[in-house]
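A.B. asks: here is a sequence with its predicted model. Questions after.
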Amino acid sequence: MNILSIQSHVAYGHVGNASAVFPMQRLGVEVWPIHTVQFSNHTGYGDWKGRVFDGGMIDEVMEGIAERGVLPSCDGVLSGYMGSADIGHAIVSAVERVRAANPKASWCCDPVIGDVGRGVFVRPGIPEFMREQAVPAADIVTPNQFELELLTDSEVTTLADAQRAVASLRAVGPKVVLVTSLLTEDTPADAIDLLAADGEGSFRVRTPKIDISVNGAGDAIAALFYVHYLRDGSAASALAKAAGSVYGLLRRTKESGSREILTVAAQDEFVTPSRTFVPEAV
C-alpha cells in the first residue's frame, strides 16, 4: 500500500508527518511525505523556528513524483495541517492528480482548524477552505469535536447531536467520518469517546481518559484509522484498532512523563495494541 501524506513536519517531537508517517510505516505502508511546514518543534512550546511552505512547493514536489510514473500505484492521500489556503488548493490539486492516475484512490482529510480551549489556531481562510472545498471533496474526514461543531455550525452536547452533525458532514461528500476527543452528556468524567460512521452505521469506542497534554495524537489516530479502513473497509474495525493503538501510545507517554508522545518507544502499540476496545453500535 502507498499513501501520499501531505501535512506539517517538525524536527524535534512528533506532530503532523512526524507523528503520522512512522505509525503507517510500522503497519507496512509505503509513505510518500510532503511537508507543508518545516518547524524546529511544535508551536505549543510558545516559540519555534522554521517556515511555512507555499502551494507552489507542493505542486513542484507533486510534479516530481508524477514524473517517476508512480501515481497509478498511490492508494490514497492523507492531509492534515495546511498552513495556508494556498497550500490547501495545492493539496486539492494533488488529490485530483492521484485520482486521475488511480480512480480507486481516496482522500482522508484531517480538517485541522482548532480545539476546545484553544479555539481556532490556523491562519485566516483555512476554516472556510475546509468547510467549502476540502470536506466536500474528501472521502474520509477526521475532525475533533470542536472542528465537527465548526464545520456543521452546530452545538454538540449529546450523542444524538454528534450523530446529526456527522450525518450532515456525510451528506456533503465524505463517506466516512471519525470524530475524536468526543465528550457528550453521557460520557463519564473518567472517559473519552470516539465516534465513527460509514454506510454500515455509526459506532462508538469509549476509552479511559488519560490526564495528559501532548500534541500529535490526533495526527496519529487519523493515519492509523485511514490505514485500517483502507485494509478492512469497515469504520467499526478501523475505529477499534486505531483507538487501541493511540490509547496505548498515550498511556505509555503518560507513564514516562514525556512532553512528546513516544512514537518510537511505544511503536509496538501500532501493530499489537496492549489493550483492545470493542466498538459499540449506536
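C.D. replies: Alright, I've got the coordinates. Numbers count the residues shown, from 1 in each chain.
A.B. asks: quick one: low-confidence ranges for the protein?
C.D. replies: Of all residues in the chain, none has pLDDT under 70.
A.B. asks: what ranges does it have for its strands?
C.D. replies: Assigned strands in the chain, in chain order: 2-10, 30-39, 50-52, 76-79, 106-109, 114-115, 119-120, 140-141, 176-182, 191-198, 201-208, 280-281 (criterion: DSSP state E).
A.B. asks: could I get those strands in CSV, plus columns for mean neighbour count and distance to A160?
C.D. replies: For the C-beta atoms, the positions are set from N, CA and C on the backbone; glycine is no exception. Compiled in CSV, those are given as follows (neighbours: other C-beta atoms under 10 Å; distance: least, C-beta to C-beta, whole Å):
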stretch, mean neighbour count, distance to A160
strand 2-10, 25, 32
strand 30-39, 20, 36
strand 50-52, 14, 39
strand 76-79, 27, 30
strand 106-109, 26, 25
strand 114-115, 16, 23
strand 119-120, 12, 25
strand 140-141, 27, 20
strand 176-182, 24, 13
strand 191-198, 23, 11
strand 201-208, 19, 11
strand 280-281, 11, 15
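A.B. asks: what is the end-to-end distance of stretch 76-90?
C.D. replies: 16 Å (C-alpha to C-alpha, to the nearest Å).
A.B. asks: same question for stretch 72-83.
C.D. replies: End-to-end distance (C-alpha to C-alpha), stretch 72-83: 28 Å.
A.B. asks: and what of stretch 186-194?
C.D. replies: Its first and final residues considered, stretch 186-194 spans 13 Å by C-alpha to C-alpha.
A.B. asks: G218 touches F146, doesn't it?
C.D. replies: No. Between G218 and F146 there is no contact under C-beta atoms under 8 Å: 11.0 Å.
A.B. asks: who has more neighbours, the two?
C.D. replies: Between G218 and F146, counted using other C-beta atoms under 10 Å, the more crowded position is G218 (23 against 18).
A.B. asks: from V282, how far out is that one?
C.D. replies: 22 Å (C-beta to C-beta, to the nearest Å).
A.B. asks: got it, and D153?
C.D. replies: 23 Å.
A.B. asks: neighbour count winner among those two?
C.D. replies: Legend: neighbour count by other C-beta under 10 Å for D153 and V282, higher for V282 (14 against 9).
A.B. asks: helices along the stretch 51-200 of the chain, start to end?
C.D. replies: For the stretch 51-200 of the chain, the helices defined by DSSP state H, counting those that start in this stretch occupy 55-67, 85-101, 126-129, 135-137, 145-152, 159-172.
A.B. asks: can I get the strands of the chain in CSV with distance to Q133?
C.D. replies: Below are the strands of the chain laid out as CSV (distance: least, C-beta to C-beta, whole Å):
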stretch, distance to Q133
strand 2-10, 15
strand 30-39, 16
strand 50-52, 19
strand 76-79, 12
strand 106-109, 10
strand 114-115, 18
strand 119-120, 17
strand 140-141, 12
strand 176-182, 17
strand 191-198, 22
strand 201-208, 25
strand 280-281, 32
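A.B. asks: spell out which residues are contacts of both of G218 and F146.
C.D. replies: Common neighbours of G218 and F146 are not found (criterion: C-beta atoms under 8 Å, 6 or more residues apart in numbering).
A.B. asks: so for stretch 151-158, what gets flagged as buried?
C.D. replies: Going by neighbour count (16 or more other C-beta atoms under 10 Å), the buried part of stretch 151-158 is L151, T152, V156.
A.B. asks: Throw the residues you listed into a markdown table and include distance to L178, thanks.
C.D. replies: Listed next are these as a markdown table, based on distance: C-beta to C-beta, whole Å:
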| residue | distance to L178 |
| --- | --- |
| L151 | 13 |
| T152 | 15 |
| V156 | 14 |
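A.B. asks: out of these, who's nearest G80?
C.D. replies: L151 (15.3 Å; C-beta to C-beta).
A.B. asks: what's the closest non-adjacent residue to that closest one?
C.D. replies: What sits nearest to L151 in space, not counting adjacent residues and going by C-beta to C-beta, 6 or more residues apart in numbering, is R131, at 5.4 Å.
A.B. asks: and that neighbour, how far from G119?
C.D. replies: In terms of C-beta to C-beta, R131 sits 16 Å off from G119.
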